[in-house]
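**Q** this one's structure only:
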């Protein structure tokens, strides 16, 4: 799936929508640049959104609008634990769980690149299950980004890992990187274990 065009989310698959929010109509980069050219404040905003004058990154051999590169677990003064999402076989990630110490505060960092066009309303959706039962679903708005060669990163709000004997164990996660137009840029499964300590 990593090398394919984005897929549309199936009707009814995404259950959480923001009431009253309607995604903006898709416009090309050239349309955005010429839109309301006489409005100085809008031109300042567009310049910031377009990467402050950086050249548009549009590799001819890669038509994808978004490439998700890594997902990292960020915990205080510990080294980040990274999942490489550029590999050919992402299905192996679920067989290599990493350990999270119970009760620690952590954040997830998503590293990605946008190409060809501005991408609006990027979202990261994560569903966590344990023993086949859904224990958590979170959806975070990542934002809108320009198509530049520089990698973008987004850090989720802090969360606390569950603690106690009942919380310890193996968890499976289904992750999805999508946008306002319900395109799926990457979908993958991975796993983690909650333990009493890091080892």
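**A** Structure received. Fair warning: this is a prediction, and the values are worked out from it, not measured in the lab.

**Q** what number of residues lie near residue 83?
**A** Neighbour count of residue 83, defined by other C-beta atoms under 10 Å: 17. All C-beta atoms are positioned from the backbone trio N, CA, C, and that covers glycine.

**Q** now the nearest residue to it once chain neighbours are set aside: how far from residue 90?
**A** Leaving out its chain neighbours, the residue that sits closest to residue 83 by C-beta to C-beta, 6 or more residues apart in numbering is residue 71, at 4.6 Å. Separation of residue 71 from residue 90 (C-beta to C-beta, to the nearest Å): 11 Å.

**Q** between the two, which one's more packed in?
**A** residue 71 (24 against 19).

**Q** got the contact list for that one?
**A** 82-83, 85, 108-111, 175, 190 (C-beta atoms under 8 Å, 6 or more residues apart in numbering).

**Q** for it, helix, strand, or coil?
**A** strand (DSSP: H, G, I helix; E, B strand; the rest coil).

**Q** pull out the buried members of the contacts of residue 71.
**A** 83, 85, 108, 110-111, 175, 190 (16 or more other C-beta atoms under 10 Å).

**Q** how about the helices in this protein?
**A** Applying DSSP state H to the chain gives helices spanning 29-34, 40-49.

**Q** and those, which one's lowest on average pLDDT?
**A** Lowest mean pLDDT within the helices of the chain: helix 29-34, at a mean of 62.

**Q** any chance of CSV for the contacts of residue 71, columns distance to residue 119 and pLDDT?
**A** Listed next are the contacts of residue 71 as CSV, based on distance: C-beta to C-beta, whole Å; pLDDT from 0 to 100:
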residue, distance to residue 119, pLDDT
82, 22, 92
83, 21, 91
85, 17, 94
108, 19, 93
109, 18, 95
110, 13, 95
111, 15, 96
175, 17, 95
190, 23, 94
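
**Q** wait, which of these is closest to residue 143?
**A** Checking the contacts of residue 71 against residue 143 with C-beta to C-beta, the nearest one is residue 110 at 10.9 Å.

**Q** can I assume the closest one is in contact with residue 123?
**A** No: using C-beta atoms under 8 Å, residue 110 makes no contact with residue 123, being 10.5 Å away.

**Q** okay, and the common contacts of the two?
**A** Common neighbours of residue 110 and residue 123, using C-beta under 8 Å, 6+ apart, are 142, 177.

**Q** how about the strands in the chain?
**A** 7-8, 66-74, 81-84, 98-101, 105-114, 119-130, 133-145, 152-155, 159-160, 169-178, 183-195 (DSSP state E).
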